[in-house]
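> Got a sequence here, can you model it:
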Amino acid sequence: MIYTTTEIIPGREIESVLGVVTGSVVQSKHVGRDIMAGLKSIVGGELKGYTEMLMEARAVATERLIAEADKFGADAIVGVRYTTSSVTDAASEIMVFGTAVKLK
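Coordinates of the predicted model:
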């Protein structure tokens, strides 16, 4: 499956728009990561545990996006965007959305 943040796919023509597709995951914080993040915030620097957690969450959300596009019979997803939101103090949602299309 081709997925891109652009509205077009170079060298390909969009035959039809099938609809908006989404994928999301709500990821909770890990107590161990919170403790390490608290310690790291004292000296500064990247919070690698959170970086890894968010990378994993984006991958899961993207897999769900592609699965939904497959249900539409899509060849590609254009205009892909990622967003995050806080669900609770201990959890965040990663959402990805785009437009499923059929290519010529």
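
> Every contact and neighbour count from this point should use C-alpha atoms.
Noted.

> chain center to stretch 84-95, what's the gap?
Here the centre of mass of C-alpha atoms in stretch 84-95, compared against the chain's by C-alpha atoms, centre = their mean, to the nearest Å, lies 13 Å away.

> Wait, Ala91 touches Gln27, no?
Yes: in this structure Ala91 lies within contact range of Gln27 using C-alpha atoms under 8 Å: 5.4 Å.

> out of these two, which sits in the more crowded spot?
Between Ala91 and Gln27, counted using other C-alpha atoms under 10 Å, the more crowded position is Gln27 (18 against 14).

> wouldn't the more buried one be in contact with Glu93 here?
Yes: if you go by C-alpha under 8 Å, Gln27 and Glu93 touch, sitting 6.2 Å apart.

> Name the helix or strand for the nearest residue to Ile9 once chain neighbours are set aside, please.
When the adjacent residues along the chain are set aside, Ile9 lies closest to Val78, with 7.8 Å between them (C-alpha to C-alpha, 6 or more residues apart in numbering). Here Val78 sits within strand 76-88, counting by DSSP states H and E.

> and if you look at Phe97?
Per DSSP H and E: strand 91-103 holds Phe97.

> ok, which stretches of this structure are helices?
Counting by DSSP state H, the segments of the chain that form helices are 31-43, 48-72.
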